[in-house]
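# what would the 3D arrangement of this be:
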Amino acid sequence: MKIISDLHIHSRFSRATSKTLNIANLEKYAKIKGLNLLGTGDFTHPEWLKELKNELIEDGSGILKTKTGFNFLLQTEISLMYSQDGKGRRIHNVVLAKNFDIVEQISLELRKKGRLDYDGRPIFGISCPEFVDLMKNIDKDIEIIPAHIWTPWFSLFGSNSGFDSIKECFKEKTDEIHAIETGLSSDPAMNWRLSQLDKFSIVSFSDLHSYWPWRIGREATIFNCKLDYDEIISSLKNKNIDMTLEVNPNYGKYHLDGHRLCNVCLEPKGSIKNKNICPKCGRKITIGVLHRIEELADRNEGYKPKDAAPFKSLIPLSEILSHLLGTGLSSKKTWKEYYNLINKFSSEFNVLLDAKKEEIEKATDEKIAEAIIDNREGKIKIKPGYDGVYGEPVFENKIPTNKINLEKETSGPKQEGLNKFF
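Residues are numbered from 1 along each chain as shown. Next comes the predicted model:
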């Protein structure tokens with residue numbers, strides 16, 4: 001079975017998340033996106049866990065289902081903040097668990113280390129090896145995946161608080177780590193340049209803070225196995241990933257170096273030339289993902305391991321429409337054209353990956369159809385992101401306003417004709 005999964009998400013109980021993040025909305029927009037498996041997010045938060053138990057049904061497979069049959073897998077993200085080798089470390093890890101009983105045991109052990117009720121992504125002052133040991137003593141099949149491993153502030157290789165190797169981070173527990181998450185600012189090709197990553201599965205997930213289509217599933221991992229927790233974990237352990245869906249790493253908000261307060265964005269060579277100092281204000285710049293990869297890579301750009309899973313880089317459909325139509329992501333005009341395409345092709349991934357060019361051309365404006373195919377073929381240029389600023393797709397020709405009538409902006413979508421998703 002082809003499983004299109006997003007296994008790193010958050011609930012409304014995490015900081016800086018949508019207050020309407022709930023199971024119903026996650027299911028609704030996962031179906032619209034084309035996903036068929038979601039992480040639950042935040043299972044350590046007591047209030048969210050109550051909702052999960054009320055909304056999701058266990059059947060012994062490790063895959064939980066809503067009352068309408070959509071699939072979820074128990075997942076959370078844990079922040080570890082501690083000192084090692086004279087440096088403060090801030091590492092985020094995604095955690096997967098098989099059932100509610102194991103989740104309860106995880107919560108019980110973590111409560112001995114600190115509070116769980118203040119944030120869906122709680123912080124603990126324990127090291128990564130200690131955390132792995134704690135989890136594996138509860139259940140050997142709990143899976144721990146280092147999250148967005150290159151992000152400057154909270155990750156394994158982060159320029160501000162990370163390490164130079166997985167072994168340095170996880171020490172004697174390194175063999176318990178089977179996969180790493182690329183994050184928005186890197187893609188598999190960038191990670192292939194580090195031979196130390198060869199034995200790990202490379203996965204991609206959204207780390208969503210809202211359920212809108214430009215967030216949910218913006219990165220995803222496709223498995224080709226039975227819809228079963230043990231089978232998915234086995235796929236991670238054995239590097240049996242069908243493919244990943246990525247955004248162009250330039251789209252990520254930490255791809256290049258820079259200082260957003262001064263609107264300064266630099267390639268690694270420019271940063272080195274300026275001794276990592278902002279040329280406008282003289283403060284230290286934020287070292288981005290590309291710079292860190294250049295520091296740690298032991299292979300030339302373009303190297304590809306023999307057993308590497310393929311990947312496809314895509315910009316979310318809403319981003320394409322918003323830029324071409326000259327309106328906001330949540331504008332009524334953008335939603336109208338988005339749902340026009342979804343109604344015709346069933347899901348966003350069908351539009352972006354599978355719909356035939358001639359069928360798309362019949363369904364929408366020719367410039368939109370051209371951009372969808374360019375997106376599929378990796379031809380859309382991206383103005384790089386840096387220091388917390390997202391990258392932006394660049395389109396030379398926007399659609400004239402007289403082609404599709406401008407309408408008043410709204411904070412949410414029109415849903416006429418979409419009852420099949422709800």
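# which parts of this protein are helices?
In the chain, helices defined by DSSP state H lie at 23-33, 46-55, 100-111, 128-138, 166-170, 188-191, 229-237, 268-273, 289-296, 317-325, 332-345, 348-349, 357-363, 366-376, listed in chain order.
# which of the ones you listed sits closest to L261?
helix 268-273 (16.1 Å; CB to CB). The C-beta positions use only the backbone N, C-alpha and C, and glycine is treated the same way.
# only C-alpha atoms, please: export that closest one in PDB.
Extracted in PDB, the C-alpha atoms of helix 268-273 (Å, rounded to 0.1, in the frame of the first residue of the first chain):
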ATOM      1  CA  PRO A 268      28.300  31.000   2.700                       C
ATOM      2  CA  LYS A 269      31.200  32.500   0.800                       C
ATOM      3  CA  GLY A 270      29.900  36.000   1.500                       C
ATOM      4  CA  SER A 271      29.500  35.200   5.200                       C
ATOM      5  CA  ILE A 272      33.000  33.800   5.500                       C
ATOM      6  CA  LYS A 273      34.400  36.900   3.800                       C
END
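# returning to what we had before: any chance of TSV for the helices of the chain, columns mean neighbour count, distance to R121 and mean pLDDT?
Listed next are these as TSV, based on neighbours: other CB atoms under 10 Å; distance: least, CB to CB, whole Å; pLDDT from 0 to 100:
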stretch	mean neighbour count	distance to R121	mean pLDDT
helix 23-33	22	17	98
helix 46-55	16	11	98
helix 100-111	17	12	98
helix 128-138	18	14	98
helix 166-170	19	19	98
helix 188-191	21	24	98
helix 229-237	18	21	98
helix 268-273	16	30	97
helix 289-296	22	21	98
helix 317-325	23	25	97
helix 332-345	20	29	98
helix 348-349	22	27	98
helix 357-363	14	38	97
helix 366-376	19	31	97
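# now those as JSON lines including distance to K67?
As requested, the helices of the chain are exported to JSON lines (distance: least, CB to CB, whole Å):
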{"stretch": "helix 23-33", "distance to K67": "10"}
{"stretch": "helix 46-55", "distance to K67": "8"}
{"stretch": "helix 100-111", "distance to K67": "17"}
{"stretch": "helix 128-138", "distance to K67": "29"}
{"stretch": "helix 166-170", "distance to K67": "39"}
{"stretch": "helix 188-191", "distance to K67": "37"}
{"stretch": "helix 229-237", "distance to K67": "20"}
{"stretch": "helix 268-273", "distance to K67": "51"}
{"stretch": "helix 289-296", "distance to K67": "41"}
{"stretch": "helix 317-325", "distance to K67": "28"}
{"stretch": "helix 332-345", "distance to K67": "23"}
{"stretch": "helix 348-349", "distance to K67": "24"}
{"stretch": "helix 357-363", "distance to K67": "33"}
{"stretch": "helix 366-376", "distance to K67": "34"}
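# domains of this protein?
Here the domain assignment for the chain is 2-251, 318-385+393-421, based on automatic domain parsing.
# can you list the ones you listed in JSON lines and add distance to N300?
Below are the domains of the chain laid out as JSON lines (distance: least, CB to CB, whole Å):
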{"stretch": "domain 2-251", "distance to N300": "7"}
{"stretch": "domain 318-385+393-421", "distance to N300": "20"}
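# mean pLDDT lowest for which of those domains?
With a mean of 85, domain 318-385+393-421 has the lowest mean pLDDT of those.
# in contact with L110, which residues?
44, 78, 116, 122, 124, 134 (CB atoms under 8 Å, 6 or more residues apart in numbering).
# at 7 Å instead, please
Residues near L110 by CB atoms under 7 Å, 6 or more residues apart in numbering: 44, 116, 124.
# ditto for S322
If you count contacts by CB under 7 Å, 6+ apart, S322 has them with 328-329, 334.
# could you redo the last one with a cut-off of 10 Å?
Listed by CB atoms under 10 Å, 6 or more residues apart in numbering, the contact set of S322 reads 214, 316, 328-331, 333-334, 337-338, 393.
# what does E396 give?
When contacts are counted by CB under 10 Å, 6+ apart, E396 touches 367, 381.
# again, but for E361
Counted by CB under 10 Å, 6+ apart, E361 has contacts 368-370, 372-373.
# kindly recompute the last result at 8 Å.
A369 are the contacts of E361 under CB under 8 Å, 6+ apart.
# relative to I342, how far out is it?
Distance, E361 to I342, by CB to CB, to the nearest Å: 17 Å.
# ok, which of the domains of the chain comes nearest P305?
Among the domains of the chain, the nearest to P305 by CB to CB is domain 2-251 (5.8 Å).
# ends of the closest one, how far apart?
27 Å (CA to CA, to the nearest Å).
# pull the contacting residues for A97.
Contacts of A97 (CB under 8 Å, 6+ apart): 43, 74-75, 103, 106, 139, 142.
# now distance to G88 too, for those, in TSV please.
Shown next, in TSV, are these (distance: CB to CB, whole Å):
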residue	distance to G88
F43	27
L74	30
Q75	27
V103	29
I106	25
D139	30
I142	26
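# now flag whichever of the residues you listed is closest to A189.
Nearest to A189 among the contacts of A97, with distances taken as CB to CB, is Q75, at 26.2 Å.
# I'm done for today, thanks for sticking with me.
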